[in-house]
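for reference, the sequence and a predicted model appear below.
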Amino acid sequence: MNGSFETMRWEGNALLLLDQRVLPAAERMRRYAGADGVADAIRTMVVRGAPAIGVAAAFGLVLAVRAARRKGGPWRPSFEEAAALLAGTRPTAVNLFWAIGRMRKAAAALPDGDPAGALARLEREAVAIFDEDVAANRSMGAHGAKLLPPKGNVLTHCNAGALATAGYGTALGVIRAAVSAGRKIHVYVDETRPFLQGARLTAWELMKDRIPCTLITDNMSASLFAAGRIDAVVVGADRIAANGDVANKVGTYGVAVLARVHKVPFYVAAPLSTIDPALRTGASIPIEERDPSEVTHLAGRRVAPAGVAVFNPAFDVTPARYVTAIVTEKGVLEPPYPGSIRKLLR
Ligand code: MRU
């Protein structure tokens, strides 16, 4: 499963990214040979999803060092400049800062005077970040699949699939693994206004894998919960605070409340790189606000009066008390999360 497309491909001298803005109408790979381009691709959502933007940023840093070496200049200032640029692209997903931090740590151990050696070492680190992300997703799939019923309907919000990671996916990885293990899962896909990650990306991914799915608009899930037609919810995360509060795509909190009211388990699948132990609660997670045109326009066409005030937060925070379990590559965390998260990170 997920063998039919690549979210990104490292070619040694460039990073290829599947342009997620034009899916599902077109499958177009874009080529990035510099850190500026990669930063732009993250900012404009060519690549999106917490783990995927971290991996892309790591390759962006390799491209910065490569360019410095070609020009014959020192590599470290270019690396640091690119790190600052990439870190300024999107604020919420901690995986971005985690990946940049890991590259910085590798860079700190290198001498200034050997650009070829630095390039080789940093490229190895970025490739390791990519490979480890796919392995983590596979492992989350194995742990999480057991939580899903042998037969039933699972709701997901946004896209936490292969497109949001280096491959396989977090929430969709759990669903993929359950289906591979023979569970008869049907997925309800929230459209995910305003950027339509569910309609454009999750539905596309699931259909490619022939996993049965039905697309709904975000305001339809309440009636499905009320009718007893949702057996479990699985979503991804952009940042998890030390107490288990989860930032994910805006709308996730509403789904979690509905799940609790209707006694449906609400699972979050996320790698350790999504946990931010420095933040005590979700209240201090920075929430990105995006351009009002995402709300006032649909597919480039205005659907709201010109000049209307718009609020467009890209994420919301689901309090830990609504989260039944957090699936990680190291196993399934259960409440109380302050303790289970601390133990896992030890
Ligand atoms: O704005 P996006 O599309 O980058 O938001 C993505 C999400 O909210 C995902 O659910 C999250 O990053 C988890 S992806 C494995």
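Nice, I can see it. Residues are numbered from 1 along each chain as shown.

tell me which parts of the stretch 201-346 of the chain are close to the ligand?
Residues of the stretch 201-346 of the chain lying close to the ligand (C-beta under 6 Å from any ligand atom) are 236-238, 248-249, 314. (Glycine included, C-beta is placed from N, CA and C.)

any low-confidence regions in the stretch 1-150 of the chain?
Flagging of the stretch 1-150 of the chain using pLDDT under 70 yields the residue ranges 1-3.

which residues in it form helices?
Shown for the stretch 1-150 of the chain, the helices assigned by DSSP state H, counting those that start in this stretch span residues 35-43, 50-71, 75-87, 94-108, 115-145.

could you dump the residues of the stretch 201-346 of the chain next to the ligand into CSV with secondary structure, pLDDT and neighbour count added?
Converted to CSV, these look like this (DSSP: H, G, I helix; E, B strand; the rest coil; pLDDT from 0 to 100; neighbours: other C-beta atoms under 10 Å):
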residue, secondary structure, pLDDT, neighbour count
236, coil, 98, 32
237, coil, 99, 28
238, coil, 98, 32
248, strand, 99, 29
249, strand, 98, 27
314, coil, 98, 22
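
for the residue in the stretch 151-300 of the chain positioned nearest to the ligand, give me phi and psi.
The minimum distance from the stretch 151-300 of the chain to the ligand, using C-beta to the nearest ligand atom, falls at residue 236 (2.7 Å). For residue 236, the backbone dihedrals are phi -90, psi -170 (criterion: degrees, to the nearest 10).

next, the contact list for it, please.
Each residue near residue 236 by C-beta atoms under 8 Å, 6 or more residues apart in numbering is listed here: 49-50, 158, 160, 164, 169-171, 248, 268-270.

so which of the residues you listed sit within strands?
With DSSP state E as the criterion, strands contain 248, 268-269 from among the contacts of residue 236.

looking at the residues you listed, which one is closest to residue 144?
Each of these was checked against residue 144 using C-beta to C-beta; the closest is residue 269, at 5.4 Å.

hang on, that closest one packs against residue 145?
No. Proximity of residue 269 to residue 145 does not meet the contact threshold set by C-beta atoms under 8 Å, at 10.4 Å.

so for the two, which sits in the more crowded spot?
When neighbours are counted by other C-beta atoms under 10 Å, residue 269 comes out ahead of the other of residue 269 and residue 145, with 30 against 21.

next one: the more buried one from residue 122, what distance?
Taking C-beta to C-beta, to the nearest Å as the measure, residue 269 falls 29 Å from residue 122.

quick one on the thing from earlier: what touches both of residue 269 and residue 145?
residue 174.

so for stretch 167-177, what gets flagged as buried?
Buried positions in stretch 167-177, judged by neighbour count with 16 or more other C-beta atoms under 10 Å: 167-177.

residue 110: which of those residues is nearest?
Of those, the one sitting nearest to residue 110 (C-beta to C-beta) turns out to be residue 167, at 28.4 Å.

contacting residues for the nearest residue to the closest one once chain neighbours are set aside?
Taking C-beta to C-beta, 6 or more residues apart in numbering, and ignoring the residues beside it in sequence, residue 167 has residue 134 as its nearest neighbour in space, at 4.4 Å. By C-beta under 8 Å, 6+ apart, residue 134 lies in contact with 165-168.

residue 57 now?
With C-beta under 8 Å, 6+ apart, residue 57 has these contacts: 38-39, 42, 86-87, 89, 96, 99-100, 103.
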